[in-house]
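> missing the sequence, but the structure's below:
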């Protein structure tokens, strides 16, 4: 199983980025999926996730109304659209997938830097 996040980079405050996670080795529609991030010197923070049946979507308070999560089970990809980025959004972003029985996978992260 592999999860690879792409799309990070340097962006100015107020800017936007879209992160994409390509998943291989599992059938994504059997998994809840999401993103977490870790800023330098800080604990990991859950950013957003979608339940297996898409019935529940979660956003951390810090990103509500600015970030949008989506999934494409047919293409085994997930995306995180990030708007109005702030310096405090600077972090390495990781995607993850969790099966109904608790088995979880996460992949190589992508660095997002928000700075002028």
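Ah, there it is. If you're wondering where the values come from, they're calculated on a predicted model, not measured in any experiment.
> make it CA atoms for all contacts and neighbour counts henceforth
Will do.
> how about the strands in this structure?
The residue ranges that make up the strands of the chain, judged by DSSP state E, are 2-6, 9-11, 17-24, 31-38, 45-50, 57-59, 67-72, 77-82, 91-99, 104-106, 110-114.
> could these go into a markdown table alongside mean pLDDT and mean neighbour count?
Converted to a markdown table, the strands of the chain look like this (pLDDT from 0 to 100; neighbours: other C-alpha atoms under 10 Å):
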| stretch | mean pLDDT | mean neighbour count |
| --- | --- | --- |
| strand 2-6 | 94 | 20 |
| strand 9-11 | 97 | 15 |
| strand 17-24 | 96 | 20 |
| strand 31-38 | 96 | 23 |
| strand 45-50 | 96 | 20 |
| strand 57-59 | 96 | 17 |
| strand 67-72 | 95 | 18 |
| strand 77-82 | 97 | 20 |
| strand 91-99 | 96 | 23 |
| strand 104-106 | 94 | 17 |
| strand 110-114 | 97 | 21 |
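> tell me, what residue is most central in the protein?
Here the mean C-alpha position of the chain is nearest to the C-alpha of residue 35 (C-alpha atoms, centre = their mean), at a distance of 2.8 Å.
> let me see the contact set for it.
46, 47, 48, 49, 80, 93, 94, 95, 96 (C-alpha atoms under 8 Å, 6 or more residues apart in numbering).
> again, but for residue 63
Under the criterion of C-alpha under 8 Å, 6+ apart, the contact list for residue 63 reads residue 47.
> can you pull the contacts of the residue nearest to the residue nearest to the centre of the chain when sequence neighbours are not counted?
The spatially closest residue to residue 35, leaving aside those adjacent along the chain, is residue 95, at 4.4 Å (C-alpha to C-alpha, 6 or more residues apart in numbering). By C-alpha under 8 Å, 6+ apart, the residues touching residue 95 are 3, 4, 5, 21, 33, 34, 35, 36, 106, 107, 108, 109.
> what is the nearest of those to residue 87?
Of all these, the one sitting nearest residue 87 is residue 36; the distance, using C-alpha to C-alpha, is 16.5 Å.
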